[in-house]
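>>> Based on what follows, work out the 3D shape:
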Amino acid sequence: MKWVKKGLIFKTENNFEWMRTHAQVPIADKIDEERLRIYFGTRDSQNRTLTTFIEVEANNPQNILYIHDKPILSLGRLGCFDDSGVMPSDIVNYNSKKYFYYLGWNVGSTVRYRVANGLAISEDNGNTFKRVSEGPIMDRSILDPIAVSTQSVLVEKGIWKTWYMSYVKWEIVNGIPEPFYHIKYAESKDEINWDRKGIVCIDFKSNKEAGISRPFVLKEKGVYKMWYSYRTAVNYRSDKSESYKIGYAESIDGIKWIRKDDEVGIDVSEKGWDSEMIAYAYIYEHKGKKYMLYNGNGFGKSGFGYAILDETKKVF
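You can find the predicted model right below:
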């Protein structure tokens, strides 16, 4: 497959007190055939993450029609799992409701942060969202003892399926704790309570690899397809050869996957906003074309852009 880059869509520029830097982990929700809503995580002056959105022209996402002037969710109450950050994971449209899955985080002490997954639901077409609970719907457990994070969710025949980040360990690298994580699978009958069996879907392909993050899964013609980001453990913040790249895998059952990173069809640019890393891909379809939203340099500090699948190349 081959993705043709179309350029940057949005970068924060101190738009609001709570929107100082970053436009991270973009997710798309089509409002209608003319308008697309893109949710993303942004940071305030205290480096706390809040989620908001922009609306863009569906045929030309670089044409920004609206910038929302407040977060869609406030930070959690002091002491709750999301009192320091609320970042998007996925949005599911089901039974006339919008299910907004997000990760919440706290500032850590022995390690830099702690994360868990939450859920908020909208019954007014995304104008407002309400948490299902002040607590997380998925947190560290016997099977995920360190932490869990961003997830992708599909609903099939009444079964909710999720592919989520599971932290394997924190390890001291160059004098600081660094997280290691891969992708696991779980199911639910009610979108809230998840049956986890410790199933690893995408694991490290070498001893050098340390982070496999931000899964996005779709199903097409009986095949599950996943995009994710992967990096090493050393110097991934400063060395483009070690930093995040986008990977790709396929599966027949959604559980056993074959990595096909060399077929992903997109890489860092020679220069510009996505020349050091590319990460956090989200795929959507509009008028028969497949679009990819993704972040570039600085884990979203340089903003997010998009690419369109070249259908004349190998069909994925």
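
>>> got a list of what residue 111 touches?
Neighbouring residues of residue 111 by C-beta atoms under 8 Å, 6 or more residues apart in numbering: 170, 177, 179. (Each C-beta comes from the backbone N, C-alpha and C, glycine too.)

>>> Just the buried residues from these, in PyMOL please.
The PyMOL command for the buried members of the contacts of residue 111 (criterion: 16 or more other C-beta atoms under 10 Å) is given here:
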select buried, resi 170+179
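
>>> In TSV: the contacts of residue 111, plus pLDDT.
Formatted as TSV, these follow (pLDDT from 0 to 100):
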residue	pLDDT
170	98
177	95
179	97
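
>>> mind listing which of the contacts of residue 111 are in strands?
170, 177, 179 (DSSP state E).

>>> Which stretches in the stretch 1-150 of the chain count as strands?
For the stretch 1-150 of the chain, applying DSSP state E, counting those that start in this stretch gives strands covering 3-10, 21-30, 35-43, 49-57, 60-67, 85-94, 97-107, 113-122, 130-131, 148-156.

>>> will you turn these into TSV that also has mean pLDDT, distance to residue 211 and mean neighbour count?
Putting these into TSV (pLDDT from 0 to 100; distance: least, C-beta to C-beta, whole Å; neighbours: other C-beta atoms under 10 Å) gives the following:
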stretch	mean pLDDT	distance to residue 211	mean neighbour count
strand 3-10	98	22	17
strand 21-30	98	14	22
strand 35-43	98	17	22
strand 49-57	98	18	21
strand 60-67	98	28	14
strand 85-94	98	16	22
strand 97-107	98	15	22
strand 113-122	98	13	21
strand 130-131	98	28	16
strand 148-156	98	11	21
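
>>> low pLDDT regions in the chain?
313-316 (pLDDT under 70).

>>> That one: helices as residue ranges?
Taking DSSP state H as the criterion, the chain carries no helices.

>>> Please report how far residue 246 lies from residue 43.
Distance, residue 246 to residue 43, by C-beta to C-beta, to the nearest Å: 22 Å.
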